[in-house]
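A.B. asks: Build me a model from this:
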Amino acid sequence: MELVYSFISNTGYFIADYRHVVMIVVGCLFVYLATAKNYEPLLLVPIGFGILVGNIPFFKGFGLGIYEPNSVLHYLYFGVTTGLYPSIVFLGLGAMTDFSNLLGNPKLMLLGAAAQMGIFTTLLGALYFGFLPKEAASIAIIGGADGPTSIFLTAKLAPHLIGPIAIAAYSYMALIPVIQPPIMRLLTTEKERKIVMPDIRDPSQRERILFPIVSLLLCCFLAPASIPLLGPLFFGNFLKECGVVDRLAVTARTAIIDTATIFLGFTVGASTQADVFLTAKSVGIFVLGAVAFSVATASGVIFGKIMNLFLRKKINPLLGAAGVSAVPGSAREVHVMGLKSDPNNYLLMHAMACNASGVIGSATCAGILWSFMLR
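C.D. replies: A predicted model of the protein is given here:
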């Protein structure tokens, strides 16, 4: 009987408490949304399954948990805490991104910049609610709707908050179809939503090749701390556009980014260990994250309306909602909203230009915040 009791007391069933149950339910919800509802499955499947793995109860000291030195999960988590996985993801993202839409209509870049207001508004809000400056900066970057950027900055400034911030960032990215449409409808009129955008100019091959080089120098001279993100992003894009290293470009946008996404999502999910994740700060992060994403969406739309006060040829203010970095979810949602008002109004390519600008903008903002907080 002693052996039986010893066996039972060593099982996860015996040492589990309500916190483990709560987090396992959350993990199951993520997996359900990804598989049954097709909500960002490339993100939510590895994160959701990682949550399940990370919340199986175990005895401390066995080298099993993600926070225990020399455990397998701890070694895999190294890529998160050092910012390695986000940098690799940006390399693949650069090799996947077509900046020709942005080059064809450069003024749309302003909408991507305007959407970053969500970051700085939330920074002030987080400071007001008592978060430390480094924690506030990490929470604020959720407003950029860029999961890898949020993880990278948090790893540098507030590594103890990586779990809740990453889950919040990816959750709101997956909930774009729920969050953004009401804001777009509220801030625009039917007439504005029907504005038809002209065809985008097709940039030359020389322009597409020069863009990543010029952008790298301009952005990284402005914010050198953004080099770990923007360096791989523009390098990946140069691989795509230069036309002489197709094998490298294909590898970067397939095998490399897929591998990094698997490990990034899985280990971030596993980092939501119940005793670390379920705190009052986590709740505050989720609330502020929702505010950040909403303000970013609204800022882009409002700035689009302001631009129309000075432009002879008006732009569709819906495009401002695509100024966040959630590629291509927010661009797709803008396109769908435009089609509902006018079935012949195709906004996808213009929205992708704003999306691409948002990726650059959020990474630049992360570099600026990092440099300021470490002074």
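A.B. asks: which non-adjacent residue is nearest residue 222?
C.D. replies: With sequence-adjacent residues excluded and distances taken as CB to CB, 6 or more residues apart in numbering, residue 222 is closest to residue 364, at 6.7 Å. (Glycine included, C-beta is placed from N, CA and C.)
A.B. asks: got a pLDDT number for the one you found?
C.D. replies: In the prediction, the pLDDT value recorded for residue 364 is 92.
A.B. asks: and it, what does it touch?
C.D. replies: Contact partners of residue 364, counting by CB atoms under 8 Å, 6 or more residues apart in numbering, are 219, 222-223, 226, 230.
A.B. asks: 10 Å instead?
C.D. replies: 113, 116, 144, 149, 218-220, 222-223, 225-226, 229-230 (CB atoms under 10 Å, 6 or more residues apart in numbering).
A.B. asks: Helices along the stretch 201-350 of the chain, start to end?
C.D. replies: With helices called from DSSP state H, counting those that start in this stretch, the stretch 201-350 of the chain shows them at 205-222, 227-242, 246-251, 257-270, 274-277, 280-308, 329-341, 348-373.
A.B. asks: now do the stretch 51-200 of the chain
C.D. replies: Ranges of helices in the stretch 51-200 of the chain, per DSSP H, counting those that start in this stretch, are 72-81, 84-96, 100-104, 109-114, 117-128, 133-140, 147-157, 162-174, 176-187, 190-193.
A.B. asks: what's the last one in contact with?
C.D. replies: Surrounding helix 190-193, the residues in contact under the criterion CB under 10 Å, 6+ apart are 184-185, 301, 304-305, 308, 314-318, 334, 337-342, 345, 347.
A.B. asks: Then the first one?
C.D. replies: The set of residues external to helix 72-81 that reach it, using CB under 10 Å, 6+ apart, is 50, 53-54, 63-69, 71, 84-88, 151-152, 154-156, 159, 162-163, 166, 260, 263-264, 266-268, 270-271, 273.
A.B. asks: Now the buried members of those.
C.D. replies: Among the contacts of helix 72-81, those classed as buried by 16 or more other CB atoms under 10 Å are 50, 54, 65-66, 84-88, 151-152, 154-156, 162-163, 166, 260, 263-264, 266-268, 270-271, 273.
A.B. asks: re earlier: worst average pLDDT in the helices of the stretch 51-200 of the chain?
C.D. replies: Comparing mean pLDDT across the helices of the stretch 51-200 of the chain, the weakest is helix 162-174, with a mean of 84.
A.B. asks: center of the protein - which residue?
C.D. replies: Residue closest to the average C-alpha location in the chain (CA atoms, centre = their mean): residue 146, at 1.9 Å.
A.B. asks: Read off the pLDDT value for that residue.
C.D. replies: At residue 146, the model reports a pLDDT of 79.
A.B. asks: and it, how far is that from residue 346?
C.D. replies: 25 Å (CB to CB, to the nearest Å).
A.B. asks: Give the buried residues for the strand or helix carrying residue 34.
C.D. replies: Using DSSP states H and E, residue 34 maps to helix 18-35. Within helix 18-35, the residues that count as buried by 16+ other CB under 10 Å are 19-20, 23-24, 26-27, 30-31, 33-34.
A.B. asks: Please report the distance of the nearest residue to residue 166 once chain neighbours are set aside from residue 303.
C.D. replies: Closest residue to residue 166 apart from its sequence neighbours, by CB to CB, 6+ apart: residue 268 at 4.3 Å. Per CB to CB, residue 268 is found 32 Å from residue 303.
A.B. asks: what do you get for residue 212?
C.D. replies: Residue 212 sits 26 Å away from residue 303, going by CB to CB.
A.B. asks: can you check residue 327 too?
C.D. replies: Separation of residue 327 from residue 303 (CB to CB): 19 Å.
A.B. asks: same check, this time on residue 370
C.D. replies: Residue 370 sits 25 Å away from residue 303, going by CB to CB.
A.B. asks: which sections of the stretch 251-375 of the chain are below the confidence cut-off?
C.D. replies: 375 (pLDDT under 70).
A.B. asks: Kindly recompute the last result at 80.
C.D. replies: Per-residue confidence for the stretch 251-375 of the chain (pLDDT under 80) gives these ranges: 374-375.
A.B. asks: Can you report phi and psi for residue 57?
C.D. replies: Here is the backbone geometry of residue 57 (degrees, to the nearest 10): phi -60, psi 150.
A.B. asks: Is it in contact with residue 15, as I believe?
C.D. replies: Yes: here residue 57 reaches residue 15: they are 4.6 Å apart, a contact under CB atoms under 10 Å.
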